[in-house]
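J.: from the sequence below, what's the structure:
(2 chains)
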Amino acid sequence: MIQIRLEKTLKAGENGLKIDVEFTIQQGMFACLYGPSGAGKTSTLRMISGLLQPDRGFINTPKNLWLDSDNNISTNPKNRNIGYVFQDAALFPNMTVLENLEYALTSETDTKYLHELIELTKLDELCHRKPNTLSGGQKQRVALARALAQKPALLLLDEPLAALDSFSRSELQGCLLQIHKKFHLTTLLVSHDIDEIVKLSDQVFVLDHGKLTKQGAPKTIFTQESLNANFEIKGKVLQIEQRETKFCVTVLIQETQVQIWAQKSEIQKLKVGNEILVGAKNFNPFFLKPSK
Amino acid sequence: MNWDPIILTFQLASVTTFLLFFIALPLSYWLSQTKNKFKPLIETLVSMPLVLPPTVLGFYFLIAFSPGNFFGSWLHEWLGIQLVFSFSGLVIASILYSLPFMVHPIQSGLTNLPTSLSDASRLMGKSRTTTLFKVLLPNCKASLLTGVILSFAHTIGEFGVVLMIGGNIPGETKVASIAIYDEVEAMNYKTANAYSLLLCVSTFAILLFVYLQNGGYLKKYKR
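T.: The predicted model follows:
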């Protein structure tokens, strides 16, 4: 169990942002920090890793006490044994993929584990390439393997999939989940993608303006206000138009645009660009096998 | 034509650049990382040679190193070193005079690297020194090369500082830029032209090499 309590006032934004969070991550859990941009997700992650010093805080892990500001204890980031995947992958451009992984190894003799990682993340053919010749998805796979090379006590992922196309994203999500289970990792992922969170995490912490507003299982959190639906799928509002007395909402679901009729009361909270859950009652689905 | 001033010029530029590199490296790294309140003061001092007339710097060196003054006499009596009108004096003055030409490119190269690179290395348990030598410096090779070459070329072009501190001693402190001035004074335009042309061609070649290398034009010829 990792207990986390952090307080920090950031100067960013017009009035600054006061982060004040307290939560616990169970050992072996895939947890997720969810919230809009500027809610303080990345700063929270950086404070956990020690890259950003909180004004006050307490972080206790099963093996070590990382932070106790009241007693002036703050373990150096390099001694916290944290695997961190940055949004920009942060691969070292001067090293090949293999050299990047080797650099992160804690002991020279750990090559068997390294080869296992390379196999799991399907990096065999990329080993001798430099990072600037890789695609976004490949870079993040290398970054993930590199973060795991040090056998971290906690794996922190700062929106590593945010900039990827849906195919690479889905592929890497599968890889992430497989690795998390195989190595019994404790993982904290920052994401603002509901679909991703539902797919990957056991528990979600919702952060808004630096405060934790909700926490629980993703299903419970994201369907609390809804819906009582038999079926739900995530989409993005592209257009809202009035057609006589009704409204037609165009929603982008994955790569398909769907038009849905809605009442005035339903569209009042909606704006173009909103991410929404589309639910359906009395829904009678059928399956078709896609033709190749 | 006497080749001594040309040889001395390149000797001075090489020694200055070599020593300056090792002085500028920690200084540039510190400036790129620190949030110390004295940073602006240090940056100003490093940049002073860019705006000061070289004679001002040379004048103060002359005063400081003169055996008639405390520092100069202390150096002479205790360490047996005389910096005025000597090659070692020229080297020290040149190092200070060329300091911004080495520090600025390296500092800006280090500052422009994404902070996530050093953060990632720290979280892997690496020390600051390992991070500097294994991650940061190899990723700003172009800035290092620019710093080295600019300092070298700038030392070749020195006149005011070396004249003030070094005087005009043949074989000891008479560098090419001073030899040119001497030859013009003596109306030996032919020799002055030979020295000048040599300096023009060599500095042109050095700078062209930097631009070719940093622009990646030389890579296609490798294999």
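J.: run the chain-centre distance for stretch A:69-88.
T.: Chain-centre distance of stretch A:69-88: 19 Å, with Cα atoms, centre = their mean, to the nearest Å.
J.: low pLDDT regions in chain A?
T.: Residue ranges of chain A with pLDDT under 70: A:12-14, A:108-109, A:224-231, A:281-283, A:291-292.
J.: so which bits of chain B are right by chain A?
T.: B:114, B:116-117, B:119-127, B:134-135, B:138-139 (Cβ under 8 Å from any Cβ of the partner chain). (Glycine included, C-beta is placed from N, CA and C.)
J.: how does it look with 6 Å?
T.: B:116-117, B:119-120, B:122-125, B:135, B:138-139 (Cβ under 6 Å from any Cβ of the partner chain).
J.: just give the nearest non-adjacent residue to residue A:7, would you?
T.: Spatial nearest neighbour of residue A:7, chain neighbours left out: residue A:56 (4.4 Å); criterion: Cβ to Cβ, 6 or more residues apart in numbering or on different chains.
J.: next, give phi and psi for the one you found.
T.: Torsion angles at residue A:56 (phi, psi; degrees, to the nearest 10) stand at phi -140, psi 150.
J.: swap in residue A:105?
T.: Given degrees, to the nearest 10, the pair of backbone angles that residue A:105 has is phi -60, psi 140.
J.: quick one, what contacts it?
T.: Neighbouring residues of residue A:105 by Cβ atoms under 6 Å, 6 or more residues apart in numbering or on different chains: residue A:149.
J.: what about residue A:37, how many neighbours?
T.: The tally of other residues near residue A:37 (other Cβ atoms under 10 Å in any protein chain shown) stands at 7.
J.: tell me how many other residues crowd the closest residue in space to it that isn't next to it in sequence.
T.: Using Cβ to Cβ, 6+ apart and skipping the chain neighbours, the partner closest in space to residue A:37 is residue A:192 (7.1 Å). Counted with other Cβ under 10 Å, residues neighbouring residue A:192 total 18.
J.: look up how far residue B:178 lies from residue B:194.
T.: Residue B:194 sits 15 Å away from residue B:178, going by Cβ to Cβ, to the nearest Å.
J.: also residue B:28?
T.: Applying Cβ to Cβ, the value for residue B:28 to residue B:178 is 31 Å.
J.: and what of residue B:23?
T.: Distance of residue B:23 to residue B:178, given as Cβ to Cβ: 25 Å.
J.: who has more neighbours out of these two?
T.: Per other Cβ under 10 Å, whichever of residue B:23 and residue B:178 has more neighbours is residue B:178, with 23 against 14.
J.: secondary structure element for that one, which one?
T.: For residue B:178, the host element (DSSP states H and E) is helix B:176-185.
J.: does anything pack onto that helix? Which helices or strands?
T.: helix B:4-33, helix B:189-214 (3 or more Cβ pairs under 6 Å, 6 or more residues apart in numbering or on different chains; DSSP states H and E).
J.: and the shortest one with helix B:4-33, angle?
T.: What separates the directions of helix B:189-214 and helix B:4-33 is an angle of 30 degrees, with axes from the mean of the first three to the mean of the last three Cα atoms, to 10 degrees.
J.: flag every buried residue along helix B:189-214.
T.: For helix B:189-214, burial by neighbour count (16 or more other Cβ atoms under 10 Å in any protein chain shown) applies to B:191-192, B:194-196, B:198-199, B:202-203, B:210, B:213.
J.: can you tell me what sits against stretch A:9-25?
T.: A:1-8, A:31, A:40, A:43-44, A:205, A:210-212.
J.: repeat the analysis, applying 8 Å as the threshold.
T.: A:1-8, A:31, A:38, A:40, A:43-44, A:47, A:54-55, A:154, A:186, A:188, A:203, A:205, A:207, A:209-212, A:215 (Cβ atoms under 8 Å, 6 or more residues apart in numbering or on different chains).
J.: CA atoms only for that stretch, dumped as PDB, please.
T.: What follows is stretch A:9-25, C-alpha atoms only, in PDB (Å, rounded to 0.1, in the frame of the first residue of the first chain):
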ATOM      1  CA  THR A   9       0.600  25.900  -4.500                       C
ATOM      2  CA  LEU A  10       1.600  26.300  -8.100                       C
ATOM      3  CA  LYS A  11       2.100  29.700  -9.700                       C
ATOM      4  CA  ALA A  12       0.700  28.500 -13.000                       C
ATOM      5  CA  GLY A  13      -2.500  30.100 -14.400                       C
ATOM      6  CA  GLU A  14      -4.200  33.300 -13.500                       C
ATOM      7  CA  ASN A  15      -4.800  32.700  -9.800                       C
ATOM      8  CA  GLY A  16      -2.300  29.800  -9.300                       C
ATOM      9  CA  LEU A  17      -3.400  26.300  -8.400                       C
ATOM     10  CA  LYS A  18      -3.500  24.800  -5.000                       C
ATOM     11  CA  ILE A  19      -3.000  21.000  -5.100                       C
ATOM     12  CA  ASP A  20      -4.200  19.300  -2.000                       C
ATOM     13  CA  VAL A  21      -4.600  15.500  -2.400                       C
ATOM     14  CA  GLU A  22      -4.700  12.500  -0.200                       C
ATOM     15  CA  PHE A  23      -5.100   8.900  -1.600                       C
ATOM     16  CA  THR A  24      -3.900   5.400  -1.200                       C
ATOM     17  CA  ILE A  25      -2.800   3.000  -3.900                       C
END
